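S.K.: Could you work out the structure for the sequence below:
(chains A and B)
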2 protein chains.
Amino acid sequence: MSAFRLRDRVQAEDVMVLAAIARACGNFAEDEIAFVPEILAQLAAEGEAKSGYRLLVAEDDQGAAGFAIYGPIPATDHRYDLYWIATDPRAQGCGAGRLLLTESARRAAAEGATHLFIETETGKDYTPAHHLYEACGFPLIATVPDYYREGSGKAIYGGPLSGG
Amino acid sequence: MSAFRLRDRVQAEDVMVLAAIARACGNFAEDEIAFVPEILAQLAAEGEAKSGYRLLVAEDDQGAAGFAIYGPIPATDHRYDLYWIATDPRAQGCGAGRLLLTESARRAAAEGATHLFIETETGKDYTPAHHLYEACGFPLIATVPDYYREGSGKAIYGGPLSGG
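M.R.: The predicted model follows:
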């Protein structure tokens, strides 16, 4: 049913295109977006195992529509973090986010992950993202008020993965 | 009253000595301890501003007794994280932890930090550390059950800094 294809290989244009999607989706600060090229370069140079990062890009006929970056959390027992998930505004509401999240969770579980955690911000701007996490089986676990700035807290979603 | 001197410059022997303290204090996993030399090298090479790390070492006549590493959290508004605090077992109960924590908080506030957060583990092994955080004015804010492994959660302490 989905109009999206998925790929997990880094492509040269991802550095520009995925950073642009992260910026356009409006949920990340500039100094967070600055990490995207760095992470992609590390993944391309070192591979999934050494870098600790896995990429998933959802594409349609117009190119990349969204992406997710996830991987094992150091010093934990098979816990994974969904570090990034972002959908281009042109593709929002078409199921790209849900596809990226469920497929990241499925692949993490296939690698042996037992839990997936998602750290994000509290607040109204993030309501669609929060609904997505909850709809995919990752409820809100904890909040840290004022973590990012006055009135903007950290919200931690996640929990056990099924079928791990 | 304290028998400890403080220094904030990285010294060549820190790579070995501080990793040994982190290991001896028993509160860190080996793959966490592996980050200590990396962080110290980055701090020595790049300085506090670029690396994002600040070091504080408590010394007595036997050398380093404990250390703290703290710094601004990327993409936050003057929020700092106490990434590391560890006291050698030979010096525990002598106030080194309290000195390192209060001085890290004081220096962070002097740099403009408004909040300090401390992410640590839940569980009995960490009770002395938890008491220290609370005694120094950083209460438990949130917990994420089973974050590290079954039965071992993440505990987040911290809050606003006074005199920032």
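S.K.: which residues touch A:Y147?
M.R.: A:153-154, B:76, B:79, B:115, B:117 (C-beta atoms under 8 Å, 6 or more residues apart in numbering or on different chains). Using the backbone N, CA and C atoms, a C-beta is placed for each residue, glycine as well.
S.K.: Now do the helix or strand where A:V15 lies: which elements does it pack against?
M.R.: Counting by DSSP states H and E, the element that carries A:V15 is helix A:14-25. Counting contacts by 3 or more C-beta pairs under 8 Å, 6 or more residues apart in numbering or on different chains; DSSP states H and E, helix A:14-25 packs against helix A:30-33, helix A:35-51, strand A:54-60, strand A:63-72, strand A:79-87.
S.K.: Could you export the ones you listed as JSON lines, including mean neighbour count, mean pLDDT and distance to A:A12?
M.R.: Output for the helices and strands packed on helix A:14-25, formatted as JSON lines (neighbours: other C-beta atoms under 10 Å in any protein chain shown; pLDDT from 0 to 100; distance: least, C-beta to C-beta, whole Å):
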{"stretch": "helix A:30-33", "mean neighbour count": "13", "mean pLDDT": "87", "distance to A:A12": "19"}
{"stretch": "helix A:35-51", "mean neighbour count": "15", "mean pLDDT": "95", "distance to A:A12": "9"}
{"stretch": "strand A:54-60", "mean neighbour count": "21", "mean pLDDT": "97", "distance to A:A12": "13"}
{"stretch": "strand A:63-72", "mean neighbour count": "23", "mean pLDDT": "97", "distance to A:A12": "12"}
{"stretch": "strand A:79-87", "mean neighbour count": "24", "mean pLDDT": "97", "distance to A:A12": "19"}
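S.K.: In TSV, list those along with distance to chain B.
M.R.: Listed next are the helices and strands packed on helix A:14-25 as TSV, based on distance: least, C-beta to the nearest C-beta, whole Å:
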stretch	distance to chain B
helix A:30-33	5
helix A:35-51	8
strand A:54-60	18
strand A:63-72	10
strand A:79-87	7
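S.K.: of those, which approaches B:A142 most closely?
M.R.: Of all these, it is strand A:79-87 that lies closest to B:A142, at 16.3 Å by C-beta to C-beta.
S.K.: Return the distance of A:G123 relative to chain B.
M.R.: Distance of A:G123 to chain B, given as C-beta to the nearest C-beta, to the nearest Å: 14 Å.
S.K.: For the residue nearest to that residue when sequence neighbours are not counted, give the beta-bridge partners.
M.R.: With C-beta to C-beta, 6 or more residues apart in numbering or on different chains as the criterion, A:G123 has its nearest non-adjacent residue at 5.6 Å, and that residue is A:S152. Beta-bridge pairing for A:S152 (DSSP bridges): A:R149.
S.K.: Number of residues surrounding A:G52?
M.R.: 18 (other C-beta atoms under 10 Å in any protein chain shown).
S.K.: so where is chain A shaky, pLDDT-wise?
M.R.: Within chain A, the ranges that satisfy pLDDT under 70 run A:1-2, A:163-164.
S.K.: got a list of what the nearest residue to A:Q42 once chain neighbours are set aside touches?
M.R.: Of all residues not flanking A:Q42 in the chain, A:S51 sits nearest, at 4.6 Å (C-beta to C-beta, 6+ apart). Residues near A:S51 by C-beta under 8 Å, 6+ apart: A:39, A:42-43, A:45, A:71.
S.K.: Tabulate these (JSON lines), appending distance to A:D60.
M.R.: Output for the contacts of A:S51, formatted as JSON lines (distance: C-beta to C-beta, whole Å):
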{"residue": "A:I39", "distance to A:D60": "23"}
{"residue": "A:Q42", "distance to A:D60": "27"}
{"residue": "A:L43", "distance to A:D60": "23"}
{"residue": "A:A45", "distance to A:D60": "28"}
{"residue": "A:G71", "distance to A:D60": "25"}
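S.K.: State the pair within those residues that is farthest apart.
M.R.: Taking C-beta to C-beta, the two most distant members of the contacts of A:S51 are A:A45 and A:G71; they sit 15.1 Å apart.
S.K.: How about the contacts made by A:R149?
M.R.: A:R149 neighbours (C-beta under 8 Å, 6+ apart): B:76-77, B:79.
S.K.: should've said A:F35
M.R.: A:F35 makes contacts with B:P74, as judged by C-beta under 8 Å, 6+ apart.
S.K.: Same check on A:D88?
M.R.: A:21, A:24-25, A:64-66, A:96.
S.K.: try A:P37
M.R.: With C-beta under 8 Å, 6+ apart, A:P37 has these contacts: A:15, A:19.
S.K.: The closest residue in space to A:F117 that isn't next to it in sequence: what's it in contact with?
M.R.: Spatial nearest neighbour of A:F117, chain neighbours left out: A:G158 (3.7 Å); criterion: C-beta to C-beta, 6+ apart. Applying C-beta under 8 Å, 6+ apart to A:G158 gives the contacts A:82, A:115-118, A:133, A:138, A:141.
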